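Participant: Structure for the following, please:
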Amino acid sequence: MNNETLRYETLAPDVLMFVGRDHQSVATAFLDGDDALLVDSLGSIEDARSLQRVLCGEMGRTVRAVAATHFMSDHIAGMCLFPDALTIAHRHYRHTFLSQNRRVDGFYRDPQLLFDTGMSLRWGRHRLRFVHNPGKTMDHVCVDVPDADLVCVGDAIVGNIVYLSRADPELIRNAIGRIRQFGRGRVVGGHVGQFPAAVLDNAIHYLDRLRERVMLIRTGTTRVPIAERIAAIPIDDCLAPSVEATAFERQWHRHNLEVILAQSIFELDAAVTEVAA
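Facilitator: I've put the predicted structure just below:
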């Protein structure tokens, strides 16, 4: 369903997913009667207010807690709109907030409940398992919900691909591997929406093929500059079979190529390979 700029859908009778316009950021609401717990809270004040209007105004729910899969501004905009709600995050949340590329200080709010490796929380009929899963960020958390056969994974994936940002690609790959071990049928991403479990394999495939392409360029010999060749890597060469890229995924693939060049990503991998040879 759509409400102005906000899209939302029912994942279960007591689980709602909201997707905002800003970066298609996702918030998932778990309901316990009239009380709601949010996992993430969208990427702009406008989107967060639309969520508030729908969830609280139209549906009559009260947000009692807001948890962050990671403390980046495009996922925590709504925290400041629910001042009475308990805020939850991993203990490394400040590292992520201070190191992000697009920081919005007005969205910042101190988490009241911090955890380290994980915690379990009963909310209505569901047990929410918060599991520290560093990859895209050091504070990254996935929220496993066995009774709903879903897992909220934040920015471990971006649709059928990943976004490298400032992360170690190997950490991202390991994070996706840990999510696969939960064996859930549905994956709720930090952007775009929900996906079948195969999206995790698709994201790993993309990351592995992208690495291979960059490694071949960095270790090869040609008169064409490395930067030019990396910037021209098409997303279609990296996608899993039968996966067709969306406009959103194509945009973030272009960002990945920019990041690879700016941060010399996979350069160490290439150097190690050449030494071993």
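
Participant: quick one: average pLDDT of the helix or strand hosting residue 261?
Facilitator: Per DSSP states H and E, residue 261 falls inside helix 247-263. For helix 247-263, mean pLDDT rounds to 97.

Participant: what comes up buried for it?
Facilitator: Within helix 247-263, the residues scored as buried using 16 or more other CB atoms under 10 Å are 249, 252-253, 256-257, 259-260. From N, CA and C alone the C-beta is placed, and that goes for glycine too.

Participant: what lines up beside the host helix or strand of residue 17 in the sheet?
Facilitator: Element membership of residue 17, judged by DSSP H and E, is strand 15-19. Next to strand 15-19 in the sheet, as set by DSSP bridges, lie strand 6-12 (antiparallel), strand 26-32 (antiparallel).

Participant: Next, the buried residues of stretch 179-194.
Facilitator: 179, 182, 184, 186-194.

Participant: Between the two ends of it, how far is it?
Facilitator: This stretch, stretch 179-194, spans 14 Å end to end (CA to CA, to the nearest Å).

Participant: That one: how far from the chain's middle?
Facilitator: Distance, stretch centre to chain centre, for stretch 179-194: 10 Å (CA atoms, centre = their mean, to the nearest Å).

Participant: if we can go back for a sec, quick check: which helices or strands does the helix holding residue 261 pack against?
Facilitator: helix 226-231 (3 or more CB pairs under 8 Å, 6 or more residues apart in numbering; DSSP states H and E).

Participant: Go through the strands paired with strand 15-19 and pick out the most buried.
Facilitator: strand 26-32 (a mean of 23; mean count of other CB atoms under 10 Å).

Participant: Quick one: residues in contact with that strand.
Facilitator: For strand 26-32, the surrounding residues in contact (CB atoms under 8 Å, 6 or more residues apart in numbering) are 11, 14-20, 36-42, 51, 55, 61, 63, 78, 123-124, 126, 128, 143, 145, 152, 188-193.

Participant: Which of those residues fall in strands?
Facilitator: Using DSSP state E, 11, 15-19, 36-39, 63, 123, 126, 128, 143, 145, 152, 188-189 are the members of these that sit in strands.
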